[in-house]
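A.B. asks: Show me how the following folds:
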Amino acid sequence: MTFTKQLSRALMTGTNEERVEELRKILKYPVQQKDPGGSRFYYLHPGEDEAEARDTCPIAVGFYSELNDATDGEIRSFLTAGEPQPEIYKHYTSRVSEDQPVMYLLLPAKEGAGRVPLVLPNEGGLRSRQIQTFDWNEPELLARLRRLEQGVLPIATRALCSVPLVEGVFYDPIKTAKELARSLAEVARKIEKAIPTVYDAEKKDGYLHKLLKNFQRDLLPNLQATPHNEKDYSFADIYAQTIAYGLFTARVFNHVKDEREGKAKETDFNRQDAWKQLPETNPFLRKLFREISEQKSQELGKELIEAIADIFIILRKTKMDAILSDFRQKMNQEDIVIRFYEDFLKAYKPEMRELRGVYYTPEPIVSYIVRSVDSILKADFGLEDGLVDATKVQVKTKDGKNTKETHKVLITDVAIGTGTFLHSVIDHIHKSFKPSQQLTWSDYVSQHLLPRLSGFELLMAPYAVAHMKLGLQLAELGYKFDTDERLRVYLTNALQEAFQIPPADGFDNWIRDEADAANIIKQEAPVMVLLGNPPYSGHSANNGTWISNLLKGKDTITSQETSSYFEVDGKPLGEKNPKWLNDDYVKFIRFSQWRIEQTGYGILAFVTNHGYLDNPTFRGMRQSLMETFDDIYVLDLHGNSKKKERCPDGSKDENVFDIQQGVSINIFVKHPNGKKENATVHHANLWGVQECKYNWLKENDINTTQWTTLQPQSPFYLFVPQNNDLLAEYQDGLKITEAMSTNGWGIATRKDYLLTDFTVESLTQRMSIVVNGTLDEAYQEGVKDNESWSFSKIKNRLGSDIKSRVYSYYYRPFDYRYIFYEPLMIERGDHRLPIAKNFIHERNNLSLLISRTGAASGSPIWDVMFVGDSLSDLNLFRRGGAFIFPLYLYPDTDNLHQSTTAEQRRPNFSEDFLNAIKDKLGYIPTPEAIFYYIYAIFHSPTYRTRYAEFLKIDFPRVPLTSCDRLFRQLATYGEELVALHLMKSPKLDNLITQFVEGRGDRLVDAGHPKFSQGEVVINKKGDKFTGVPENVWNFHVGGYQVCQKWLKDRKGRTLSDEDILHYQKIVVSLQETIEIMEKIDAAIPGFPIQ
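C.D. replies: Alright, predicted model coming up:
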């Protein structure tokens, strides 16, 4: 046995002691000694005999199962013992990774001229290095070891700091998908870090520069070479993930091909030939990796070449039969490819999983949609083979002058992600397909399956995953990749308009080729079925001109007018902030709706955010969908934790995804000869815990779902059930936005930590430093610049006065604080100014504070309204959205802080509203009386429950009475409520609680307050309020449990005497409120109010 093989056996097997002993025998060293100092080093002493060995300088073998500060200290101690050699110390410690077991083997070179370090990571681990990486079986390493053994490698060879160096990294074979994902992720991080160096070093027309340029031009205009932070999506990140996943895909198909051909020895897997192992179904990745293989090592850079080489080593040492067996065993139980990708992301960049929304669609949802689409094709379109159908039809060419033949049932996933939906479609088709002598499965795939399936994906890594997943599936189902028929999964932005293809500009014009091929499907192919799970993003980056215009009814491709999501009944929505119409999922629905309009018939089947079903902002979208389609099926899966959704019986309701946003399955059907009237809308609910929902979805489809037929009506066209008879009654009242037409959002400082505070003193002190101090002092106080606001740009315009800009601030229900209100300090601060100016500089006023959508707060009963008399916060209610309706409007002045008199103000009631009151009562009451009447009506428990379904989706309406006595009675109750809620009622002095100090210091502890039997305990030491009624403790305003919220917001603060008294008055206020609400209901004879 050669020295090399002996060394291999010694180091790769046995316990630490056995390894050292085996090494001692190989080296023929007489003495082995465990470090008496207690370190994890063993010493081997050379010599002719034991006596001589005792006096020789030993070599050291250090074994480490973990790396920590103690380890570092031991290594430092050894490497610097005697004559310090900092270069050697640096060489070793710079290679230490933080999370893997490593063995250090330090061998002295002949005649004391130096050391030859061999570093062995155990258990398939990997670690950083600076010189070169070798696989144990790689010929180059064997050659160097043999040359060392034979003395051919001169001691004078200098590789690092006068130390001759042979460095080897050995891998235990990887046998599980999880282990492989982690190993690939570690190398991917190295590639990402190497890209900037190579990019900066190469010329402007270099390989990476040209590749980035084409990505920017064709896919991601804002893509940067390197990330600004760990969450940024950069070119370096795209490249790293693509290399890792592309090579893994190549290795998979390399193994599958060898396996299918019965090869005893696997085909060599290397950088030059890896692209050939990628299936013909993915020409894009084949071209990308071919270009990589053709790049010279010096052009890609040493670090990048080494990192790529690492992947080849890892994949060559991976037991692919074990990995694929792992995949095959779990393929029917879970989406193992997605699990693999998630394990990869977790090790590569864990923060990316949340950022990218890498959430796979659970199989039961996909199955329900796919089986339902198959059923609709059979029942509604007369295609007895459903998804299997291979019928071809004649369609007009783009110029309209000729026709061409194409398959009828073309299927597209517009946001394919990692390919879950198409995977399910292929599986369903395979189970339904009946082979014959004339048409085998492989023939069907190449002739009638691959030409019909397509998908779009913008991000490179999911794109590569989808190709691997679908390619592997086809291979497992017996498809032979012996044709050039590609898998039509394209790297493209589905929402991007087609562009003119410029002249070829080099090898990477195939990025443009990919986009061009995708655009043929987007614009010309008569796609019949569009399905999938498009992304949800309220802050969409897909702001292309074409899709933005299409949302507003302008199609720049066909130059035709089409329906607008921003209009309803032919009139603009009039929304102050319609940003939710720019959510990505809305854009994908609009694109798919347009695609089916071009085809003339088809099915759109998505699982999406369910917010569009009843949110008033989407009423134009709902009307447009009803005009396009003939049948609409909505299965609301609920699970909206943001709205605190619960089952109708009060039990727990869970999301089918692990997200907060509720979702729905939406199936839109347009028949070839559809009816002219609006679509028939079918609705169903699915409540319960996640597992029950999954089981139900597995066992049902569109045919077995119990649908309720809806009758959506103007102006909202709701896709949820509602009582239309009660709606007519409710709509007799005038909407509050029509009654008080001047209104707007509360203030959003975006800097509460800076611009608000509990006391005037602390706020004034801080803002004095910010406004009148230096820039450095301002930033030390917490000033933070952002993309849309820079303090240095506005500081000189702030002036020096502080006190005149500090105001009382309604922050949360019953929670008054103070604000430094200066629009210059708030991005887009002037947006709130028209409303805010009515409450500053001693301008006496009242305001109704109301949220538009009652369901947003999560309260079971509508409670998103309150009263204010000062500036108010946008997030007064849970999940924000507090609109301010001033009672009086003050005149505009040139000086924001200039005082105005009461005589100059005017009531904020519309003429129509006042005339309606006069028609009912015969006179117009005072503005205050009208205000109090409205406030009382909105506090009626019967009003809140009777009209609950309407209050959930839009601003409340004001029913008017023709009974003067009732009007006055309700106004009196409303006035009492206003005084109680503004903490001005004399009733508040009649306290019903006591504050009992235990052993504490009045500090509100984390995890508190805690309520039990009338006691509200604020800390672990027992300080508490006693005498708090349970119904008061449970009372909610704006989605907040008031008595709990007020104290929780003071966690870590010591309650002052004023705080304690204020809390006691809150309890009184809420108790009185409950009693007055009951009186209001008792005073109203019935609804509708007469």
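A.B. asks: Please count neighbours and contacts with C-alpha atoms only from this point.
C.D. replies: Fine.
A.B. asks: in what helix or strand does residue 1074 lie?
C.D. replies: For residue 1074, the host element (DSSP states H and E) is helix 1057-1083.
A.B. asks: in that helix, what's buried?
C.D. replies: Residues of helix 1057-1083 classed as buried: 1061-1074, 1076-1077, 1080-1081 (neighbour count, 16 or more other C-alpha atoms under 10 Å).
A.B. asks: Kindly report the same for stretch 742-761.
C.D. replies: Buried-residue list, stretch 742-761, by 16+ other C-alpha under 10 Å: 742-749, 754-758, 760.
A.B. asks: Equivalent analysis for stretch 255-275, please.
C.D. replies: Buried, per 16+ other C-alpha under 10 Å, within stretch 255-275: 255-257, 269-271, 274-275.
A.B. asks: JSON lines for those residues, including distance to residue 983?
C.D. replies: Listed next are these as JSON lines, based on distance: C-alpha to C-alpha, whole Å:
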{"residue": "255", "distance to residue 983": "76"}
{"residue": "256", "distance to residue 983": "76"}
{"residue": "257", "distance to residue 983": "79"}
{"residue": "269", "distance to residue 983": "78"}
{"residue": "270", "distance to residue 983": "77"}
{"residue": "271", "distance to residue 983": "76"}
{"residue": "274", "distance to residue 983": "75"}
{"residue": "275", "distance to residue 983": "74"}
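A.B. asks: Which of those residues fall in helices?
C.D. replies: Among those, the residues falling in helices (DSSP state H) are 255-257, 274-275.
A.B. asks: all helices for the stretch 701-850 of the chain, in order.
C.D. replies: Applying DSSP state H, counting those that start in this stretch to the stretch 701-850 of the chain gives helices spanning 724-730, 736-739, 752-755, 760-772, 775-780, 791-794, 833-836.
A.B. asks: Dump those into JSON lines; add mean pLDDT and distance to residue 241 as well.
C.D. replies: Below are the helices of the stretch 701-850 of the chain laid out as JSON lines (pLDDT from 0 to 100; distance: least, C-alpha to C-alpha, whole Å):
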{"stretch": "helix 724-730", "mean pLDDT": "87", "distance to residue 241": "54"}
{"stretch": "helix 736-739", "mean pLDDT": "95", "distance to residue 241": "51"}
{"stretch": "helix 752-755", "mean pLDDT": "92", "distance to residue 241": "39"}
{"stretch": "helix 760-772", "mean pLDDT": "93", "distance to residue 241": "45"}
{"stretch": "helix 775-780", "mean pLDDT": "90", "distance to residue 241": "38"}
{"stretch": "helix 791-794", "mean pLDDT": "87", "distance to residue 241": "39"}
{"stretch": "helix 833-836", "mean pLDDT": "87", "distance to residue 241": "48"}
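A.B. asks: isn't residue 396 right next to residue 403, touching?
C.D. replies: Yes - using C-alpha atoms under 8 Å, residue 396 is in contact with residue 403, at 4.2 Å.
A.B. asks: can you map out the strands along the stretch 951-1090 of the chain?
C.D. replies: 957-958, 994-996, 1010-1012, 1015-1017, 1024-1026, 1036-1037, 1040-1041 (DSSP state E, counting those that start in this stretch).
A.B. asks: got any ranges where the stretch 801-950 of the chain has weak pLDDT?
C.D. replies: 829-830, 893-903 (pLDDT under 70).
A.B. asks: Please read the previous query as pertaining to the stretch 401-550 of the chain.
C.D. replies: 482-484, 497-510, 537-543.
A.B. asks: 80 instead, please
C.D. replies: By pLDDT under 80, the weakly predicted segments of the stretch 401-550 of the chain are 401, 437, 459-461, 480-485, 496-513, 515-516, 536-544.
A.B. asks: where do the helices sit along it?
C.D. replies: Under DSSP H, counting those that start in this stretch, the stretch 401-550 of the chain gives helices at 420-432, 441-444, 460-476, 510-523, 545-551.
A.B. asks: from the ones you listed, which stretch is densest packed?
C.D. replies: Highest mean neighbour count of the helices of the stretch 401-550 of the chain: helix 460-476, a mean of 22 (counted as mean count of other C-alpha atoms under 10 Å).
A.B. asks: what helices or strands is that helix leaning on?
C.D. replies: Helix 460-476 makes packing contacts with helix 235-260, helix 336-348, helix 420-432, strand 488-491 when contacts are defined by 3 or more C-alpha pairs under 8 Å, 6 or more residues apart in numbering; DSSP states H and E.
A.B. asks: So residue 566 versus residue 430, what's the distance?
C.D. replies: 43 Å (C-alpha to C-alpha, to the nearest Å).
A.B. asks: Give me the mean pLDDT for stretch 311-326.
C.D. replies: For stretch 311-326, the mean pLDDT works out to 78.
A.B. asks: Could I get the CA-only coordinates of that stretch as CSV?
C.D. replies: C-alpha atoms of stretch 311-326 as CSV (Å, rounded to 0.1, in the frame of the first residue of the first chain):
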residue,chain,number,x,y,z
ILE,A,311,-19.4,22.3,-6.6
PHE,A,312,-18.1,19.7,-9.0
ILE,A,313,-16.2,18.0,-6.2
ILE,A,314,-19.3,18.0,-3.9
LEU,A,315,-21.6,16.7,-6.7
ARG,A,316,-19.1,14.0,-7.8
LYS,A,317,-18.8,12.8,-4.2
THR,A,318,-22.6,12.8,-3.7
LYS,A,319,-24.3,9.5,-3.7
MET,A,320,-26.9,10.5,-6.4
ASP,A,321,-28.7,7.2,-6.1
ALA,A,322,-29.4,8.0,-2.5
ILE,A,323,-30.4,11.5,-3.2
LEU,A,324,-32.8,10.5,-6.0
SER,A,325,-34.1,7.7,-3.8
ASP,A,326,-34.8,10.3,-1.2
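A.B. asks: Buried ones in that stretch, by neighbour count?
C.D. replies: 311-320, 323-324, 326.
A.B. asks: got a list of contacts for that stretch?
C.D. replies: Residues from elsewhere that reach stretch 311-326 (C-alpha atoms under 8 Å, 6 or more residues apart in numbering): 135, 171-177, 180, 183-184, 187, 244, 247-248, 251-252, 255, 269-271.
A.B. asks: switch to 7 Å and redo it
C.D. replies: With contacts defined as C-alpha atoms under 7 Å, 6 or more residues apart in numbering, stretch 311-326 is touched by 135, 173-177, 184, 187, 251, 255, 269-270.
A.B. asks: count of neighbours near the closest residue to residue 602 other than its chain neighbours?
C.D. replies: Spatial nearest neighbour of residue 602, chain neighbours left out: residue 528 (4.4 Å); criterion: C-alpha to C-alpha, 6 or more residues apart in numbering. Residues near residue 528, counting by other C-alpha atoms under 10 Å, number 23.
A.B. asks: Give me the distance between residue 942 and residue 1079.
C.D. replies: 11 Å.
A.B. asks: try residue 34
C.D. replies: Per C-alpha to C-alpha, residue 34 is found 88 Å from residue 1079.
A.B. asks: Which strands or helices does the helix or strand containing residue 367 pack on?
C.D. replies: Counting by DSSP H and E, the element that carries residue 367 is helix 363-379. Secondary-structure packing of helix 363-379 (3 or more C-alpha pairs under 7 Å, 6 or more residues apart in numbering; DSSP states H and E): helix 420-432, helix 690-699.
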